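> A predicted structure for the sequence below; I have some questions about it.
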Amino acid sequence: QLPSELGLMSQAEYLNLYVAADHRTSEGPGSIPTEVGTMSQLTTLTLAANRFSGSIPTELGNINSATITNFALSSNSLTGAAPTELGKLNLGVAIFGLDTNKLCSVVPTQVEALSSSVSS
């Protein structure tokens, strides 16, 4: 489980995280902490290929840096729908990835409008 204290790093610009999960079991690091959404200065959020589970926190739409260029949640075990709150992100997208998860719906139009190259 990732610590909720990650949210205390509110001035961080980069969060590139690889959690070494025990691949001999089905256990991953759990869910993405909602507190990541308080890291308002992020320009890069890369949480891909970590086996995160649960839904995508709506709070991630609160990241309000001038421009976030890398938003990658690909290759996890995230479930549910992509939250419409992600449409509030100010993306100057180089990468926006939600692919290779277990999401149950299409990308909401608010999110799809962020970029013509959205991966779902």
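Cool, the structure landed. Numbering: from 1, shown residues only.

> please make it C-alpha for all contacts and neighbour counts, starting now.
Noted.

> need phi/psi at the most centrally placed residue in the chain.
Centre of the chain computed as the mean C-alpha position; nearest residue by Cα atoms, centre = their mean is Leu73, 4.5 Å away. Phi and psi for Leu73, reported as degrees, to the nearest 10, are phi -120, psi 20.

> list the contacts of Pro108.
Ala82, Pro83, Thr84 (Cα atoms under 8 Å, 6 or more residues apart in numbering).

> out of those residues, who has the most neighbours?
Ala82 (22 neighbours; other Cα atoms under 10 Å).

> state the phi and psi torsions of that residue.
The phi/psi pair for Ala82 (degrees, to the nearest 10) is phi -70, psi 120.

> repeat that for Thr43.
Dihedral angles (degrees, to the nearest 10) for Thr43: phi -110, psi -20.

> okay, the spatially closest residue to it that is not a sequence neighbour and Gly28: tell me how far apart.
Nearest residue to Thr43, sequence neighbours excluded (Cα to Cα, 6 or more residues apart in numbering): Ile68, at 4.0 Å. The spacing between Ile68 and Gly28, counted by Cα to Cα, to the nearest Å, is 26 Å.
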